[in-house]
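Chemist: Any chance you can model this:
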Amino acid sequence: MERTSNLQNPTSEKNLSGWINGFIGVVIFSASLPATKVAVLEFDPVFLTLARASIAGVLALALLGLFKARRPQRIHLLPLLIVASGVVIGFPLLTALALQHVTSAHTIVFLGLLPLSTAAFAVMRGGERPRPAFWLFSVLGSAFVVGYAFSQGLTAAPEGDILMLLAVLICGLGYAEGAKLSRTLGGWQVISWALVLSLPLMAPLAWLWAPTSFTGISPPAWFGLAYISVFSMLIGFVFWYRGLAQGGIAAVGQLQLLQPFFGLALAATVLHETVSMGMFGVTAVVIMCVIAARKFAR
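Modeler: Numbers count the residues shown, from 1 in each chain. Sure thing, here's the model as predicted:
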């Protein structure tokens, strides 16, 4: 019995470490949409996307050089390009565009779909096979999110909602692909190399797309840009990819259902946006769904 317990401890500790790292990543990501909302009020959304990727890319290049990280092999290039397309370019751009049409509180609710998207790509790209009950609770949580979005008047700003749905889809692919690659390349190396691969494209475009003058840009807008560049684009992924690789993509990915709760709280306290009881009600339901889904994730 003692021998069996000892053999099981490394796996148990690895799973626990995965959930801790994943939770830290979710907390960091929770402030992304409120910070983007602050920044997009004064920065063009396309420039914001280019600038955040360029700043994070320069930091990632410095980290890779400082720690003398090994270069990715040829077989890593396509997965890295998928990661870059999903989380470096696609998700930031689509969410920034969506925030021109809807509030950050409204977009945050759509993040409840991310666990389902991530789990689906975990099966397609990561080779994971969650139990049927896992899908029941994942779909149930996502259904509450989508139902709430429709109940709040989806036709009022269809552009914003469509953009958010596309963002969730492409982000799920980027999460699953990055987590799969993290098992061999390392979590911080994956996001760093994805950013560096994007840098030759993003930096020149950021310079071309830059406003003629930065005069009048308020400190909150600069803070928003700094946060999404350093934390949302780089540091958060260090913890997130490590957590997904350690604890399982589909399982740890369910932690994203907590992200709306933290994000809604920030939207209410920092941006003074109206957060209805319905939003908190939906968040409470999806939190219960992630607890149930976690039980059947493996």
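Chemist: how about the nearest residue to Phe134, chain neighbours excluded?
Modeler: Spatial nearest neighbour of Phe134, excluding adjacent residues (Cβ to Cβ, 6 or more residues apart in numbering): Phe296 at 4.1 Å. Bear in mind the C-beta positions are built from the backbone N, C-alpha and C, glycine included.
Chemist: My guess is the one you found contacts Pro130. True?
Modeler: Yes: Phe296 lies in contact with Pro130 (Cβ atoms under 8 Å); the separation is 6.6 Å.
Chemist: still on that earlier bit, next up, the contacts around the residue nearest to Phe134.
Modeler: Neighbouring residues of Phe296 by Cβ atoms under 8 Å, 6 or more residues apart in numbering: Pro130, Arg131, Pro132, Ala133, Phe134, Phe137.
Chemist: ok, it to Gln246 distance?
Modeler: Look at Phe296 and Gln246: by Cβ to Cβ, to the nearest Å, they are 19 Å apart.
Chemist: Which helix or strand contains Glu42?
Modeler: Using DSSP states H and E, Glu42 sits within no helix or strand.
Chemist: dump the residue contacts of the nearest residue to it once chain neighbours are set aside.
Modeler: Nearest in space to Glu42, with sequence neighbours left out and distances taken as Cβ to Cβ, 6+ apart, is Ala221 at 4.1 Å. Ala221 sits next to Val38, Ala39, Leu41, Glu42, Phe43 when contact means Cβ under 8 Å, 6+ apart.
Chemist: Can you select the buried ones from those residues in ChimeraX?
Modeler: In ChimeraX, a selection of the buried entries from these looks like this (16 or more other Cβ atoms under 10 Å):
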select :38,39,42,43
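Chemist: Any idea which helix or strand in this protein has the lowest mean pLDDT?
Modeler: Lowest on mean pLDDT, DSSP states H and E among the helices and strands of the chain sits helix 104-110, with a mean of 71.
Chemist: following that one, which helix or strand comes up?
Modeler: With elements assigned by DSSP H and E, the helix or strand that comes after helix 104-110 is helix 114-126.
Chemist: now that next one: how far from the chain's centre is it?
Modeler: 13 Å (Cα atoms, centre = their mean, to the nearest Å).
Chemist: pLDDT score for Ser218?
Modeler: pLDDT for Ser218: 94.
Chemist: now swap in Ala206 and tell me
Modeler: At Ala206, the predicted lDDT confidence score is 95.
Chemist: shouldn't it be in contact with Val58?
Modeler: No: in this structure Ala206 lies outside contact range of Val58 using Cβ under 8 Å: 10.8 Å.
Chemist: out of these two, which sits in the more crowded spot?
Modeler: Ala206 (21 against 15; other Cβ atoms under 10 Å).
Chemist: who's in contact with that one?
Modeler: Counting by Cβ under 8 Å, 6+ apart, Ala206 makes contact with Phe47, Leu50, Ala51, Ala53, Ser54.
Chemist: could you redo the last one with a cut-off of 7 Å?
Modeler: Phe47, Leu50, Ala51, Ser54 (Cβ atoms under 7 Å, 6 or more residues apart in numbering).
Chemist: Look up how far Met233 lies from Ala84.
Modeler: According to Cβ to Cβ, Ala84 and Met233 sit 11 Å apart.
Chemist: actually Pro115, not the one I typed
Modeler: Using Cβ to Cβ, Pro115 is found at 21 Å from Met233.
Chemist: so what pLDDT did Lys295 get?
Modeler: Lys295 is given a pLDDT of 73.
Chemist: and if you look at Leu94?
Modeler: Reported pLDDT at Leu94 in the predicted model: 91.
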